[in-house]
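Enquirer: Here is a sequence together with a model predicted from it:
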Amino acid sequence: MANHAAAQHKGIPWKHVVGFVLSIVLTLFAIWFALETDLSTNIKLLVIFGLAIIQAALQLLMFMHLTENSRTQGFSGRIQIGNILFGFFVAIVIVVGSVWVLSSGHAEKKPTNGEHEMKMDSGSMNHD
Amino acid sequence: MKWDEFFVTGDPLIYGADVSIAITMLGIVFFLTYFKKWKWLWTEWLTTVDHKKIGIMYIISAILMLFRGGVDALLMRTQLAVPEMEFLDSQKYNEIFTTHGTIMIIFMAMPFLIGLINVVVPLQIGARDVAYPYLNAVSFWTFFIGAMLFNISFVIGGSPSAGWTSYMPLASNELSPGPGQNYYLLGLQISGIGTLLTGINFMVTIFKMRAPGMTLFRMPMFTWSALVTMAIIIFAFPILTVALALMTFDRLFGSHFFTLQGEGMDMLWANLFWLWGHPEVYIVILPAFGIFSEIIATFSKKTLFGYKAMVWSMVLIAAYSFLVWVHHFFTMGSGALVNSFFSVTTMLIGVPTGVKIFNWLFTMRKGQIEFSTPMLWSLGFIVNFVIGGVTGVMLAMAAANYQYHNTYFLVAHFHYVLIAGTVFACFAGLVYWYPKMFGHKLNERIGKWVFWLFTIGFNICFFPQYFLGLDGMPRRIYTYSEESGWGPLNMISTVGGFMMGIAFLVLVYNIYYSFRYEPREKTGDAWNGRTLEWSTPSAMPPFYNFAKIPVVKGLDHFWNEKQNKEIKPLTTQDLQKIHMPNNSGVPFVMASFFFVSGFGLVFEWYWMAIIGLIGVLATLVIRSFDYNNGYYVSVEEIKETENITK
Amino acid sequence: MYKRYKPFVFLGMLLTVFLLSGCSDLLVLDPKGPVAQQQKDLIMYSIIFMIGIIMVVYVLFGFIVYKYRDHKGHKGYDPENKGSHLIEAICLIIPLIIVVALSIPTVKTIYSLEEAPKGSENKKPLVIQATSVDWKWIFTYPEQNIETVNYINIPEDRPILFKLTSADSMNSFWVPSLGGQKYAMAGMQTELYLQADDPGVFDGRNSNFNGEGFTDQTFKVAALTSESFDKWAKETQQEAPKLTKKQYDQLMLQGHTKEMTFSSTHLKWVKHENDADYAIKVRERLSK
Amino acid sequence: MAQSKVRDLNTPMEYQSETGRLNILGFWLFLGAEIALFSTLFATYMVLMDRTADGPALGELFEVKGLLIQTFLLLTSSFTCGLAIHEMRRYNVKGLFFWMITTILLGLGFLGFEIYEFFVYIHEGANIGTSAAWSAFFVLVGTHGLHVTLGIGWIILILIQVAKRGLTPQTTAKVFISSLYWHFLDVVWIFLFTAVYLMGMVMQHG
C-alpha cells in the first residue's frame, strides 16, 4: 500500500482527475434525471440518492484516501473503513427511521381535505 | 432585568442553598489561602493532563453531583411520603425532578464511569497516557463547566422544570418561559462537547496505544467495554448536540422545529431525544458491565467464562442500541407495524444481556469466591439487575406498555437498571480501584455496611414502586389523594430512600476514616489482580505509569506472570528516557470562556455570548500554533522514582 | 453463611407476601373492559416468564455462590475454566425462544388494540373527541352535538373510539381500568378504542407531564346502561347551555376548571388537529 | 507522542510521526461523529419539509442555475484540495500553496453564492421563522455553510504554519487533516444537493 501510494505521487494525479470528472458527470446526470425525465417521483428519488451515495464513495476513496494508513501504520485503515460503514448504518437508521416512525400510523398529520392521504414508508415518498 | 429576577428568591430552600454555597466557597478560598495551596491547585490539578488526575477530578465531581441529585431525590421522597403533603409546591417539585434526572444521568453516572475509564484504561492497556492528553483536559473542563452552569440555575434565574426529557411544546418559550430551560440546553450542550471528545480520545487510545502483544482479544473486559462505549458516544452524542441546538434555536431565534406555531412537530423532539437517549442508556451500562467483569474474575480468582461471547455481546448491544429508541414512546400512536418492530428489537437486546448475566454466573463457577466489598456490589448487581432486566422486557411489550407507560412501574424499572447497574458499578469500581488512585484501601468493614444499607434501602425504595405503577400512579405527580390508596407503599419507598441517603453518608465517612486509619498499600497489587493496572511496583503509579512498557503474552497477562513467577524487578538496563506531554492551562481557560458564552445565551445577553465564543476561538488558535511537544523524563529521575538501586 | 443473612431473607419474604396480597386490587390488574382485559392477560402471561427467568438465575446464583465460596475444604477450583460451547449455546438459545414466545402474543395484541374489541366489531362505535388543554380535558360528542369538560359519560358494552388531540402540550389520555394510554398532541390526531363491561365510574387522567397543573389534570369516566346514556344525551341536548366562543376561548387559558356540560361543540371554530397554535394565539390575544 | 525514528521515504510525511498517525485516525473518528450530526439534520429536514405553514413551499424558490454554480465551485475546490495534498506528497510547497489558495478562493465563492441565496429567500418571505420547513432548511444548509467558513479559517491558519515551519511531519499531518475536512464538506454537499435541492424541485414540479 505504501509503495503504491508513493508511486502515485509522481506525475499526473490520475486518481484525482478521474474522481473529479466522474463527480461532475454524476452531478449533471442527477440534475438531468431529476428535472428532465418523466419517470415517477419514487424512481427519481431512488436514482438520485443512489447517485449521491456513489459520489460520496468516490470522494472517500479517490480524494480522501480512506483505505490508506493501513498495514505499515498498524491497520488504521480498517478502523477508518469500519468507522465510516458504521456511520453509514447510523445515518440510515436516523434518517429512514425518523421518517418512518414520524409519518406512519395515526401520528401522521391529518390532511385538511379528507382524501389527500399522505403516507411515507421507509424513506420513499408519494406526493401526488 | 431586576436583581430579584436574576437571583431566585422567596424560598427557604433557595436561601439555604445560597448560604451553603457562599460558605463552601469562602471555606475553600480560606483553606487554599491559609495552607498556601493556590499554586498547588493550579499546577497539580487545574492544568494537569495526566489521565489519572483527570479521572480523579471526574470522580470527585460525580460524587458531588451524586450528592446534589441525591438531595433532590430525598426532597421528592419526602414530598411523596404521605398523601396531600405540603412540603414542596408543584413548581418546586417539577424543578427538582427535572434536575434530579438530568444531573444523575449526565453529570453523575456518565462522568463517574468516564472517570474510572480515565484512571484505569491507559493502565490496563499498558500505556503511558491517552492518545490526546491535552484534549482529555478539554473534555473534563467542558464537562465540569457544563455541570456548573446547569447547577447555578438553582440560585440564579431558576431551574428548568420540563423534566429531564424536556418534551416539546412544554419546554417551549410559551409554556416554559424564563432562563430555566436555557440552562438545560446550554449546560448539556457544553458538557456534551467534552463527552464527544472523550469518545474520540479513548477510542484512539485503545486502538493505538496498547502495549506490544496486547491484541484486541487480549484486552481486559473493562477496556473492551470502554471501547464499545466510546463508539456509541461518537455516533450518539452528535444527535443530542443537534437536538439541543434546534431547541435552542426555537427558544432564542424564533425557529419552528418543535413549536406549536409554524407547523413545528413536537414528536420530532421526542424522536431525536430518544435516538440519542437510548444509546445513552448503554453508554452508562456497558462500562458498568466491564467493571463487574473485572471484579468478578478477580475475586473468583478465575478467568472470565466465555470471554469472546461477552465481547461480541457488547458489540451487538452497541449496534442494536441504535435500533430500539421508539420503545420510549410506544404510546405516540405510530401504528401497529412500528410498535411491533420496536417491541421485537427491544426484546432481542435482552438476549445478549442475558448471555452476559449467565457468563458472570459461570465465571464464578469453579472459582474461589472471596466476599470483598467490590465483589459484594457485583453480586448485588446480578441479583437486582435481573429484576430490572425482566421488567424491561415487560415494558418492551408495546401492548402492555400502554398500561405501564408514564407510571411508577417505569420509574421502578429504570432505577433497578440504573442503580443496580450503573451506581453499583460506580461504587464497586471506586472501592476496587481506590488503592490505585489514593494508595490505600477503603475500610472493608464500613464498606460492607454501606453495601447492605444501600442495597436493602434501594429495594425497599424501588420495589414497591412497581406495585404503585400497576395501581395507576403516574410518575411526576407532586402529590396524591388519600383515596388513591398509594399512601402506605409511598411511605415504605420513602423510608428506603432515606436508607440509601444514610448509606451515602457512611460511604463519605468511610473515605475520611480510611484516609486517616487504613494502612497504606506497599505494592501495586492490592487485590491479587489479573490485569496490567495492578502490575506497577508502587501502589499509585507514577505520572508516566510504567517505567518499562510491559510485553503482553495473553489474556490475564499479569495473573499468568504471577502464577509462573516470571516477574523480575526492574533494573537500570530496562530504562529509557520517557517522553511526556506538558501541562497546560488553556483547557481550563477555554472552558471558562464556554461558561461565559453559555451564561450569556441563557439570559439572551448576546454581547456576552459573543465575547465567550471569541474567547473559545482564540484558545483554539493558540493551541493550533503551539508546537510544544512535551519533554523527556531522564533515566536518573525514573531511577529515583522507582527506587532502583542497581 | 445462611444464618447471618437469615433476618434479611425473612424480611424479604414478609415483604413479598405483603405486596402480593395487595396485587389483585391493583388498578391495572383489575380490568373493567375488554381492552384492559387483553392487556392484563398479556401482562400475566409475561409475568410467568419473568418469574421463571428470575428463579433460574437466583437458583443458579445461590448454588454457585454457596458452593464456590472461599472456605475450608473448598473443592473444584479450576482457574483456567474458559467456557463451554454447550453452556454458551444454551444461554443463547433459551432466551431466543423466550423472546419468540413473548413476541407472538405481543404483536397480536398490538394489532388487535388498533381495532374495536373482539365481540363488539359489529356495534357502531361511539366517537368521542378528547382534547387536552393545560390542565383540563374537553370531550366532544360530534354525533350528539354535546361537549363536556373533565368528565365523560359512555354507554356500557359498546366500543368507544376516542379521537385524541391537544390544544397545547403533549398529553397522554389514560383510563387504567378500561385500557392503556395514548398521546394527545396538538396538530394531529391519534385514535384509541376503549370499552366498559358494566356500569361504573372510573378515574381517568393525563399521565404525561405537562407542567404546573399536571397532578390535577384528571377526569371521571362514567359507564352507563345504554338507556341511561341515551337519556342523558337527550337531556343534555335540551337543557345544557350552548358553548359560546368566548367561553371556549376562556377554556384555552392555562388552569383548572370544574366539570361543565354544553349542548354544542367547539368544532365549528377550531379543529385542533389541524390548527396547532389556536390556544397560543388565544392566550396572546386575551393577555393584551 | 515521540516521533518515529524510521523515516520510511515511501510513507507520506503526514504518517511519519506517531502524533500524525494518531491525529489522522482521531479525525476520521470525528468525521464519524459529523456523519451522525448531519444525518440528524437531514432527518429533521426530511420530516419537516412539507410543513410550510403559511410560507412558500421549499421547491418554489430553488433555482437550478445558482445550484449548479455552487455545486461546481465546491466540487472543484475538493479536486484542487486533493491536488494540494498530491503536491504536498511530492514535497512541492509552492504547489501545495497554489492549490490550497485556489481551494480557499473557490470556497469563498461558494460561500458568497450561499449568502446571496439566503438573502434572496429572505427577500421572498422565507426566513428561519417562517415555518418548520424553512427552519429546517436554513439550519441544515447553514450548518454546512458554517462548516465551510470554519474550514476556510482553519486552512488559512495551517498555511501560515506551513509558511513558517515548512513541511514537517507535524505540519503535513495538519494539512492532510484539514483536507479530509474539506473533502468531507463536499460529501455533505452532495447529499444537500440531492436531498434538499433536487428532491425539493422534484416534489415541486413532479
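Expert: Nice, I can see it. Numbering: from 1, shown residues only, chains lettered A, B, ... in the order given.
Enquirer: Enumerate the residues of the stretch 151-300 of chain B near chain A.
Expert: B:207-208, B:231, B:235, B:239, B:265, B:267-268, B:271-272, B:275 (Cβ under 8 Å from any Cβ of the partner chain). The way it works is simple: take the backbone N, C-alpha and C, and place the C-beta from them, glycine included.
Enquirer: Chain A against chain B: which residues are in contact?
Expert: Going by Cβ under 8 Å from any Cβ, the residues of chain A near chain B are A:74, A:76, A:79, A:86-87, A:89-90, A:93-94, A:97-98, A:100-102, A:104-107.
Enquirer: what's the average pLDDT for stretch B:288-296?
Expert: The average of the pLDDT scores along stretch B:288-296 is 96.
Enquirer: Compute the distance between the most centrally placed residue in chain D and residue B:125, please.
Expert: Nearest to the mean C-alpha position of chain D, counting by Cα atoms, centre = their mean, stands residue D:185 at 2.4 Å. Distance, residue D:185 to residue B:125, by Cβ to Cβ, to the nearest Å: 34 Å.
Enquirer: So which residues of chain D form helices?
Expert: D:18-48, D:58-61, D:64-89, D:93-123, D:132-165, D:169-191, D:199-205 (DSSP state H).
Enquirer: What's the mean pLDDT across the fifth one?
Expert: Pointing back at helix D:132-165 there. 95.
Enquirer: List the buried residues for it?
Expert: Within helix D:132-165, the residues that count as buried by 16 or more other Cβ atoms under 10 Å in any protein chain shown are D:132-141, D:143-145, D:147-148, D:151-152, D:154-155, D:158-159, D:161-162.
Enquirer: Could you do the third one as well?
Expert: Residues of helix D:64-89 classed as buried: D:67, D:70-89 (neighbour count, 16+ other Cβ under 10 Å).
Enquirer: for the fourth one, same thing?
Expert: By neighbour count, and taking 16+ other Cβ under 10 Å as the criterion, the buried residues in helix D:93-123 are D:96-97, D:99-100, D:102-104, D:106-107, D:109-111, D:113-114, D:117-118, D:121.
Enquirer: and chain A, which of the buried residues of helix D:64-89 contact it?
Expert: Okay, of the buried residues of helix D:64-89 touching chain A (Cβ under 8 Å from any Cβ), that's D:71-72, D:75-76, D:78-79, D:81-83, D:86, D:89.
Enquirer: Just checking the distance from stretch C:231-245 to the centre of its chain.
Expert: 30 Å (Cα atoms, centre = their mean, to the nearest Å).
Enquirer: For it, which outside residues touch it?
Expert: Contacts to stretch C:231-245, defined as Cβ atoms under 8 Å, 6 or more residues apart in numbering or on different chains, come from residues C:141, C:144-147, C:153, C:224, C:261-266, C:269.
Enquirer: please redo it, this time with the cut-off set to 7 Å
Expert: Around stretch C:231-245, the neighbours that count as contacts under Cβ atoms under 7 Å, 6 or more residues apart in numbering or on different chains are C:144-147, C:153, C:224, C:261-266, C:269.
Enquirer: Mind picking the lowest-pLDDT entry from the ones next to chain A among the buried residues of helix D:64-89?
Expert: Minimum pLDDT across those falls on residue D:89, with 87.
Enquirer: Spell out which parts of the stretch 101-250 of chain C neighbour chain B.
Expert: Contact residues (Cβ under 7 Å from any Cβ of the partner chain) of the stretch 101-250 of chain C with chain B: C:102-103, C:106-107, C:109-111, C:113-114, C:168-170, C:172, C:176, C:180-183, C:185-186, C:190, C:205, C:207-212, C:214-215.
Enquirer: Now, of those, which are buried?
Expert: Of those, these count as buried by 16+ other Cβ under 10 Å: C:102-103, C:106-107, C:109-110, C:113, C:168-170, C:172, C:176, C:180-183, C:185-186, C:190, C:205, C:207-212, C:214-215.
Enquirer: Residue B:194 touches residue B:145, doesn't it?
Expert: No. Look at residue B:194 against residue B:145 with Cβ atoms under 7 Å: they stay out of range, at 8.5 Å.
Enquirer: picking up where we left off before, nearest to residue C:220 among the residues of the stretch 151-300 of chain B next to chain A?
Expert: residue B:267 (28.9 Å; Cβ to Cβ).
Enquirer: Could you check how far the closest one is from residue C:46?
Expert: 28 Å.
Enquirer: So the two - more neighbours on which side?
Expert: residue B:267 (26 against 23; other Cβ atoms under 10 Å in any protein chain shown).
Enquirer: The more buried one is in contact with residue B:331, isn't it?
Expert: No. Taking contacts as Cβ under 7 Å, residue B:267 lies outside contact range of residue B:331: 11.5 Å.
Enquirer: Between the two, which contacts overlap?
Expert: With Cβ under 7 Å, 6+ apart, residue B:267 and residue B:331 have no common neighbours.
Enquirer: Point out the residues in chain C that sit beside chain D.
Expert: Counting by Cβ under 7 Å from any Cβ, no residue of chain C sits close to chain D.
Enquirer: Could you list the low-pLDDT ranges of chain C?
Expert: Low-confidence segments of chain C, defined by pLDDT under 70: C:1-24.
Enquirer: likewise chain A?
Expert: A:1-11, A:69-75, A:106-128.
Enquirer: how about the helices in the stretch 1-150 of chain B?
Expert: In the stretch 1-150 of chain B, the helices defined using DSSP state H, counting those that start in this stretch lie at B:3-6, B:12-34, B:38-40, B:51-80, B:90-102, B:110-124, B:133-152.
Enquirer: just to revisit the earlier point, of the helices of chain D, which is nearest residue C:283?
Expert: Once the helices of chain D are compared by Cβ to Cβ, helix D:132-165 is nearest, at 20.6 Å.
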